[in-house]
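[1] Fold the stuff below for me.
(one chain, ligands or ions: 1)
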Amino acid sequence: MNAGVYIHIPFCRSRCSYCDFATEMYQSEIAETYVDALCSEIHDWREIDKPATVDTIYFGGGTPSLLSTKQIKRSLGAVKDRFEVIDAPEISLEINPGDGGADPESRRATMRAWRSLGINRASFGAQTFDDRELKLLGRTHDSADVRKTFALLRDARFANINLDLIAGLPGQTMAGWKRNLDDALKLRPEHLSLYLLDVHEGTPLADQINRGMRPKPDDDLAAEMYATMIDQMCAAGYEHYEISNFCLPGFESRHNTKYWVGSPYYGFGNSAHSYDGARQRWANERDAAKYVEMIEQGDSAIVDRTILSDEETRSESIFLGLRLMKGIDLQTYESRFGKNLREEYNGELDRLRTAGLIEIEGELLKLTTRGALLSNEVFAALA
Ligand code: SF4
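    Down below sits the predicted model:
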């Protein structure tokens with residue numbers, strides 16, 4: 001199995017009201033020091049004697065598009081020096097609408113420079129096309145920026161673009177959500193990641209909701225939005241291939257699919273996670289400044305390491321595999337683990353099937369639409 005490389009870039013220009021990621025305010029000198037640390041972490045990486053060949057590289061964050069082209073080039077160079085990378089890997093860059101330069105011409109030039117570095121997939125957080133909702137989320141862009149950014153990316157020959165949208169925002173109506181989907185579909189991106197809003201305690205949005213300044217998210221309405229989104233996306237020719245992800249045929253995120261099928265991935269940067277594709281998972285220090293300090297002192301940035309038991313490996317293969325809408329192949333499961341999943345979970349499978357959360361078609365066990373919405377309940381039953 002080929003591996004993916006994940007590179008975490010923790011900087012953002014401002015903090016969105018719902019965000020609980022490991023991010024920092026962008027400052028150019030700090031970004032340069034961070035990229036130095038990142039490149040030395042990649043250079044000195046010795047976690048696996050014979051790492052798998054790499055066929056995907058993903059710059060996530062944070063806002064990786066805040067890095068200069070030179071910094072992105074250095075990071076990619078470090079990966080190519082350390083790993084065997086196939087000739088035309090999928091290279092994704094998360095960007096923020098409006099990034100890349102002060103005017104359209106310089107933004108277009110930056111995007112062309114990204115393409116010439118081999119970046120062939122752009123992913124950006126539109127979140128919503130309603131400017132009031134964007135303000136509520138504390139986003140710095142407006143819907144016009146999303147459309148402009150999309151057009152500039154196409155001009156720069158990006159033929160694989162992902163948009164993120166969030167459903168279930170406080171005060172969002174079904175009509176508003178459908179308009180968002182229509183607006184996104186008009187752009188015809190190759191990939192859409194559609195999330196239900198998760199309100200994390202400790203974020204400004206959670207605080208506003210707790211103090212009654214914003215309505216509480218309505219779970220029933222969010223469930224209807226989820227079902228509507230599946231209908232609308234499938235009617236528009238998109239494949240619902242993962243709980244929250246849709247694509248035009250052939251445009252699944254190759255990198256993210258590695259997380260669900262158990263392929264190895266090697267993460268670099270603060271808070272990055274890694275998996276050897278078999279038994280070992282490990283994670284880096286979450287705080288960016290501490291991460292840089294550890295690397296500068298010649299220490300490893302790994303702060304957590306787990307060796308999975310047989311039981312954990314099996315249960316992970318179920319709850320990660322079930323995220324893919326094509327489901328789990330029961331025969332493959334049996335040949336891998338020497339156990340019959342139907343017999344192991346007989347009672348639970350019956351209960352979940354009666355509740356309309358799963359279905360078994362031949363040798364494939366998969367989530368129904370309702371099961372995808374209530375996936376945590378399914379995963380808990382099969383843990
Ligand atoms: S741009 Fe993304 S990572 Fe940065 S603060 Fe907003 S949600 Fe968080």
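[2] Confidence-wise, which helix or strand of the chain is lowest on average?
    Ranked by mean pLDDT, DSSP states H and E, the weakest helix or strand in the chain is strand 24-25, scoring a mean of 87.
[3] what's that strand packed up against?
    The helices and strands touching strand 24-25, judged by 3 or more C-beta pairs under 8 Å, 6 or more residues apart in numbering; DSSP states H and E, are strand 11-12. C-beta coordinates here come from the backbone N, C-alpha and C atoms, glycine included.
[4] before we move on, back to that, what's in contact with the least confident helix or strand of the chain?
    10-15, 30, 62, 288-289 (C-beta atoms under 8 Å, 6 or more residues apart in numbering).
[5] Please apply the same query to stretch 170-187.
    For stretch 170-187, contacts defined as C-beta under 8 Å, 6+ apart pick out 126, 128-130, 133, 136, 143, 147, 150, 163, 165, 167, 192, 197, 205, 209, 214-217, 221, 224-225, 228-229, 232-233, 236.
[6] Show me just the buried residues among those.
    For the contacts of stretch 170-187, a burial check counting by 16 or more other C-beta atoms under 10 Å picks out 126, 128-130, 133, 136, 143, 147, 150, 163, 165, 167, 192, 197, 205, 209, 214, 217, 225, 229, 232-233.
[7] out of those, which touch the ligand?
    Among the buried ones among the contacts of stretch 170-187, no residue sits close to the ligand (C-beta under 6 Å from any ligand atom).
[8] Just to be sure, which of the residues you listed are found in strands?
    Of the buried ones among the contacts of stretch 170-187, the ones assigned to strands by DSSP state E are 126, 163, 165, 167, 192.
[9] Just give the nearest non-adjacent residue to the fourth one, would you?
    Read that as A167. Distances taken as C-beta to C-beta, 6 or more residues apart in numbering put M225 closest to A167, at 4.3 Å, once the chain neighbours are dropped.
[10] returning to that earlier point: can you tell me the strand partners of the least confident helix or strand of the chain and which way each runs?
    strand 11-12 (parallel) (DSSP bridges).
[11] And the ligand, is the strand it pairs with touching that?
    Yes - using C-beta under 6 Å from any ligand atom, strand 11-12 reaches the ligand at C12.
[12] What separation do you get for D299 and R314?
    Look at D299 and R314: by C-beta to C-beta, to the nearest Å, they are 34 Å apart.
[13] And L169, by the same measure?
    Distance from L169 to R314, by C-beta to C-beta: 37 Å.
[14] what about the two, which has more around it?
    L169 (27 against 18; other C-beta atoms under 10 Å).
[15] Can you verify my assumption that that one contacts L136?
    Yes - between L169 and L136 there is a contact at 6.7 Å, judged by C-beta atoms under 8 Å.
[16] Contacts only, for the residue nearest to A167.
    So M225 contacts 167-168, 172, 174, 177, 196 (C-beta under 8 Å, 6+ apart).
[17] how about 7 Å then?
    167-168, 174, 177 (C-beta atoms under 7 Å, 6 or more residues apart in numbering).
[18] next one: P189
    161-163.
[19] and if you look at E32?
    Per C-beta under 7 Å, 6+ apart, neighbours of E32: none.
[20] quick check, it in a helix?
    Yes - under DSSP: H, G, I helix; E, B strand; the rest coil, E32 falls within a helix.
[21] Look up how far Y58 lies from it.
    With distances taken as C-beta to C-beta, E32 is found 22 Å from Y58.
[22] thinking again about what came up before, of the contacts of M225, just say which sits nearest to K73.
    A167 (36.6 Å; C-beta to C-beta).
[23] ok, the helix or strand W282 falls within: who's next to it in the sheet?
    For W282, the host element (DSSP states H and E) is strand 280-284. Partners of strand 280-284 in the sheet, by DSSP bridges, are strand 273-275 (antiparallel), strand 302-307 (antiparallel).
[24] Get me the contact residues on this structure for the ligand.
    Checking the chain against the ligand by C-beta under 6 Å from any ligand atom, the hits are 12, 15-16, 19, 21, 23, 61-63, 96, 125.
[25] Could you list the domains of this structure?
    Here the domain parsing of the chain from automatic domain parsing is 3-260, 310-381.
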